[in-house]
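Based on what follows, work out the 3D shape:
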Amino acid sequence: MDKIAKDVGDVQSRLLDHRPVINAEIRYFVREFEEKRGYRESRLLENINKSVLEAKEQMPPANSGDMNQQLSEVIKRCKSPHPQPHFCLLVHELGTQLKANMEQLKEDWAEFLKEQQRLKEEVDEEHARAVGQLSAKYSEKKKELAKFTL
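Sure thing, here's the model as predicted:
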């Protein structure tokens, strides 16, 4: 008699308890989703991080005040009573060129930061959409599961 009750309970649990099947389906769905996406977001963030690090390495030193001070000292030496004309002309040209390069680098850096911010916003929007879609799907699955368990 005990064996019959156990068999009936086993049959009943297999027929009416769908939680293991639904859990397996959810795990399969998540695994397939991750494989098809190929961790696109993480690769995109790694590429952005790599480009930011490269740009940081190419960026001139942040303490441009010291550089400007040293440049002004060199210009003062050129204006001393015994300057070397060729040296002063060279220093003046280099100073002008350095200032122009610094301004160009500042503009390029500002443009780069704007582009990075735009890309960040795109990734954030895509992530928010993906989270919303997954939340909706999981809430539907949860409702379906609740229907079956009642």
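
For the most centrally placed residue in the chain, list the residues it contacts.
In the chain, the centroid-proximal residue (CA atoms, centre = their mean) is Leu45; its distance is 3.3 Å. Taking CB atoms under 8 Å, 6 or more residues apart in numbering as the criterion, Leu45 is in contact with Val123. C-beta: built from backbone N, CA, C; applies to glycine.

Please determine how far it is located from Glu103.
Taking CB to CB, to the nearest Å as the measure, Leu45 falls 31 Å from Glu103.

domains of the chain?
For the chain, the structural domains run 1-61, 83-149, going by the TED database.

Could you check how many residues crowd around Met102?
14 (other CB atoms under 10 Å).

picking that back up, and Ile75, which of the domains of the chain is closest to it?
Using CB to CB as the measure, domain 83-149 is the one of the domains of the chain that comes nearest Ile75, at 6.4 Å.

Rounded mean pLDDT for the closest one, please.
For domain 83-149, mean pLDDT is 85.

Which residue comes closest to Phe112 once chain neighbours are left out?
Of all residues not flanking Phe112 in the chain, Ala55 sits nearest, at 5.8 Å (CB to CB, 6 or more residues apart in numbering).

er, Glu144 I mean
Ile22 (7.7 Å).
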